[in-house]
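*Asks:* Sequence and predicted structure, then a few things I'm wondering about:
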Amino acid sequence: MTSNEHRRVIEELQTLIDDTQQTLRRFETNGMDEKMPGDYEKLLDILDGAIKQQREHTQGLLSS
């Protein structure tokens, strides 16, 4: 991947991370984390995956 491609993916992943964190906060504020624990866990998995992918692309950017 080129540096520009890494940057674009990093930015898109940051948007996903931000949106997922907002959704998690809404879940917690409304008690949905307790009412819908399966969905809450899925959101945490999405967040974890996006952070890991962003880290990989950041390392790729630094290597290029």
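*Replies:* Done, it's in.
*Asks:* which residues sit in contact with Leu13?
*Replies:* Ala50, Gln53, Gln54, His57 (Cβ atoms under 8 Å, 6 or more residues apart in numbering). In short, each C-beta sits where N, CA and C put it, glycine included.
*Asks:* Do you know the pLDDT at Leu16?
*Replies:* On the pLDDT scale, Leu16 is placed at 98.
*Asks:* so how far is Ile10 from it?
*Replies:* In this view, Leu16 and Ile10 are 11 Å apart by Cβ to Cβ, to the nearest Å.
*Asks:* Among the contacts of Leu13, which pair sits farthest apart?
*Replies:* Ala50 and His57 (10.6 Å; Cβ to Cβ).
*Asks:* number of nearby residues for Thr15?
*Replies:* 10 (other Cβ atoms under 10 Å).
*Asks:* what's the helix or strand for it?
*Replies:* Thr15 belongs to helix 3-29 when assigned by DSSP states H and E.
*Asks:* how much distance is there from the helix or strand following that helix to the middle of the chain?
*Replies:* Following helix 3-29 in sequence order, the next helix or strand is helix 32-35 (DSSP H and E). Averaging C-alpha positions (Cα atoms, centre = their mean, to the nearest Å) puts helix 32-35 20 Å from its chain's average.
*Asks:* can you check stretch 44-64 too?
*Replies:* 9 Å.
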